[in-house]
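# coords please:
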Amino acid sequence: MPDYIYLLENRLSASQQNALRTVRDLAREAQMTVFLTGDAVRDLTCGNPVRDLEVVVHGNALSLKAAVVAAGGKVWGEDTPSRTLYLCFGGNVRLDLGSARRAEYAKPGKPTYHWSSIQEYLRSRDFTVNAMAISLNEGSYGLLMDPTNGVADIEARHLRLVSNYGFLENPALLVRATRLKARLGFELDERTQIRYENAKGEDVIEHLSERERSRELEQIGHEEEPLKVLKTLEAEGWMSHLFAPWTSAKADVDKLTALHDLSIELQMQGVHPDVSAAQMQLLTAKLAPKDLAQLKKQLLRAGFVEEWNHLDAQAADFAKVLLAKENASPSATYTLFTTYAPEAVLWLGFTSKQAAVKEKYENFLKVWPQARQKVPYALMLEMRITPELPGYADLVKSIFLQLIDGGLTSQEEMKALLEPHSPPAPPPPVTIKRTRAKKGAEAKAKARLDDDEDEDSDDLGSDDEDEGDDDIEGLDLSTDDLDLSIGLDDVRSGLPAVEGDEEDVFARDSVGDDDMDLEAEGDSDEDERDDDRPVSESKRADKKGSGGKSSTRSESKRDSTTARGAGLKALALKLDLEEPSDPADLDEADPSIGVEDMTPARAKAAKKVVKKPVKAPPPPPAKSKPAAKPVAKPAAKVAAKPVAKPAAKSAKAAPAPAKKHAKSAPVKAAGKKR
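The predicted model follows:
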């Protein structure tokens, strides 16, 4: 459903809006409800240009005649039986002001009127597309009333009778149906077409009233394509009943086409003439003077006939003003074209033969419009002069008039003209900046919150871990139950517990860097396989299966950076072991070598090791963790305890693969000595 308030404010011309507002105010002062009806509502709904306005009031519309004249309207005609005024307002706006009524037909073409409500009035109209009304009253302004569902017929492009006996009661509807078909391109619906043919065959048109004949004759001149409508009515045989001498052959077709072309050019320059009177002059150009006079007597509105008769006189008056000295400048001439009566401008431009007049029309239509391209819209935008500012249109018009007069030839002149109209620059935007300290505090708080969330999500076995921490603190490092699996990031098998089969701890220094890059999967499998075997036996088996290469990672290489390295070094000191300077000197069969049995070089190295004792961190509990629980978190906690400084460093320098190892395999506890 279209918004009719928007349509009333945007689809009507300024002159039509002023006329409608005037009638509305006068009806309100007279305490009458007022509605817009008829062709205007139909054209607003279907998107066609609105030509005529028809307003209906509850009450006697004739009582508003004096008020309309006082408000500047002209009374072009009056019909007392139907209480209708035919008005004309500024801009040549035609408006019919009538009373709400209901017609009864005792005989065809002989109506009797009864004053009624707007609803009854709409139900007595001709076709459903014309039986709609828009309220112009306060509280219901813009409300559409459509009791016969005319909007649906507009969408279907159908003409449907409101009353089944419409053609029989009012024969003028036969002519109106033909005219609307030619204008709108609509078709009669099936039942209406049958009734049309029946009424036409019964010669109902013979009962056409004089008032309806006058209306239909004048309406031909108000059509946008009058020649097309005239030919259609002539083909249906209705012109012989309206006015037989008037046919399409009496029209000057070539001049009629030229008139339409000139009218379009004027509209492009802001001049909007009503071409009805000029069209009637050309449609009857070849009509005999006697017949022409008779036709003018039969037209409905006497004011329209008067305008038709004064076309030449109005054009002559405009020519005198146009050629006057005070209007010699281009700007004065242009202003005169846009402010004078548009019907006179149209007819003078169409009929004048004077060279001076033609030159001015040529300048107005072809030359001066090119100066609009020189209007500095970009500069105006740069100076913040936008269309939203009041007076923008007047400023553009002033610039245009100076341009056609030859002024404003430089950029400086343009800026000087625009400077008084340039609004001040807007203040800079206010930005609130936060201090860096505040931002840092927020970032730290957010980081702490993220750490707490990560700890909560990773801490699946918090109870067991806390219990393990208590066990670690209660261990006695001087006993034989020393657990060397402090480096929880390394899940290899523990050190051997049997004397004689112990492996030289420092022999791992000779392992190459390539052996340190073994995948976590292989290490975990080997740990599971060697879980119940001594370290020496499992290591020998690994050497045999891998072609002599050891798959065990060196821990002594990281004795100063990992927690387990610190524990191994402490054990080495306890057992008086020495790291050989040459890997070839390693004797796996005799790992326990005293200082007295060593060579001087070995004894010297052993003494140096003894001088730098490293306090071993507390070992983890002897109880093994279940395989289902991750142990990465306990490793981080043990490394973080300040038991030994090398252990704290190892927690930071632990490589990524070792962490992955710690999550994928359970912790192995060292075995006791047998």
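# quick check, pLDDT for residue 432.
What the model reports as pLDDT for residue 432 is 79.
# give me the distance between it and residue 111.
Distance, residue 432 to residue 111, using CB to CB, to the nearest Å: 77 Å. To be clear about C-beta, it is placed using only N, CA and C from the backbone, and glycine gets the same treatment.
# which of those two has more neighbours?
A count of neighbours by other CB atoms under 10 Å puts residue 111 above the other of residue 432 and residue 111, at 21 against 4.
# tell me, how many residues neighbour the closest residue to residue 185 other than its chain neighbours?
Residue nearest to residue 185 in three dimensions, not counting chain neighbours: residue 157, with 7.0 Å by CB to CB, 6 or more residues apart in numbering. The number of residues packed near residue 157 is 13, by other CB under 10 Å.
# can you list contacts of the one helix or strand residue 278 maps to?
Residue 278 belongs to helix 276-283 when assigned by DSSP states H and E. Residues outside helix 276-283 that contact it (CB atoms under 8 Å, 6 or more residues apart in numbering): 220-222, 226-227, 230, 246, 250-252, 255-256, 259, 304, 307-308, 311, 343, 346-347, 350.
# ok, stretch 294-307 next?
Contacts for stretch 294-307 (CB under 8 Å, 6+ apart): 74-77, 86, 88, 92, 94, 210-211, 213-215, 217-218, 221, 243, 245-246, 276-277, 284, 287, 308-309, 343.
# what pLDDT is listed against the closest residue to residue 222 other than its chain neighbours?
Spatial nearest neighbour of residue 222, chain neighbours left out: residue 276 (4.9 Å); criterion: CB to CB, 6+ apart. In this model, residue 276 is scored at 95, pLDDT.
# kindly report the same for residue 131.
96.
# cool, residue 164 as well?
pLDDT, residue 164: 92.
# likewise residue 649?
40.
# what's the local residue count around the residue nearest to residue 222?
Residues contacting residue 276 under the criterion other CB under 10 Å number 22.
# quick one on the thing from earlier: dump the residue contacts of the residue nearest to residue 185.
By CB under 8 Å, 6+ apart, residue 157 lies in contact with 184, 185, 186, 187.
# hmm, back to that, so which of the contacts of helix 276-283 belong to helices?
220-222, 226-227, 230, 255-256, 259, 304, 307-308, 311, 343, 346-347, 350 (DSSP state H).
# could you check stretch 264-275 and say which residues are buried?
Within stretch 264-275, the residues scored as buried using 16 or more other CB atoms under 10 Å are 266, 271, 272, 273, 274, 275.
# likewise stretch 316-333?
For stretch 316-333, burial by neighbour count (16+ other CB under 10 Å) applies to 318, 319, 322, 327, 330, 331, 332, 333.
# distance of the second one relative to residue 355?
From residue 319 over to residue 355 the distance is 12 Å, taken as CB to CB.
# and what of the fourth one?
To residue 355, residue 327 is 17 Å away according to CB to CB.
# contacts only, for residue 122.
37, 131, 132, 133, 145, 147, 148.
# can you tell me the helix or strand for it?
Using DSSP H and E, residue 122 sits in helix 118-123.
# for the helix or strand just after that helix, packing partners?
Next along the chain after helix 118-123, taking DSSP H and E as the criterion, comes strand 133-135. Helices and strands touching strand 133-135, by 3 or more CB pairs under 8 Å, 6 or more residues apart in numbering; DSSP states H and E, are strand 34-37, helix 39-46, strand 144-145.
# what are the contacting residues of the second one?
Contacts of helix 39-46 from elsewhere in the structure, counted by CB under 8 Å, 6+ apart, are 2, 4, 7-8, 11, 48-54, 129-130, 132-134, 144, 150-151, 154, 184.
# just the buried subset of these, please.
Buried subset of the contacts of helix 39-46 (neighbour count, 16+ other CB under 10 Å): 4, 7-8, 11, 50-51, 53-54, 129-130, 132-134, 144, 150-151, 154, 184.
# quick check: closest non-adjacent residue to residue 411.
residue 379 (7.7 Å).
# kindly report the same for residue 236.
Nearest one to residue 236, counting by CB to CB, 6+ apart, is residue 178 at 5.0 Å.
# the one you found is in contact with residue 232, isn't it?
Yes: contact criterion CB atoms under 8 Å: residue 178 and residue 232 qualify, at 5.9 Å.
# find residues that contact each of the two.
By CB under 8 Å, 6+ apart, no residue touches both residue 178 and residue 232.
# re the thing from before, so which of the buried residues of stretch 264-275 is the closest to residue 401?
Proximity of those to residue 401 (CB to CB) peaks at residue 271, which lies at 16.1 Å.
# list the contacts for the nearest residue to the closest one once chain neighbours are set aside?
Once flanking residues are discounted, residue 271 sits nearest to residue 342: 5.0 Å by CB to CB, 6+ apart. Contact analysis of residue 342 by CB under 8 Å, 6+ apart lists 92, 266, 271, 272, 273, 274.
# isn't the last one up against residue 344?
Read it as residue 274. No: the pair residue 274 / residue 344 is not scored as a contact, 11.2 Å apart, by CB under 8 Å.
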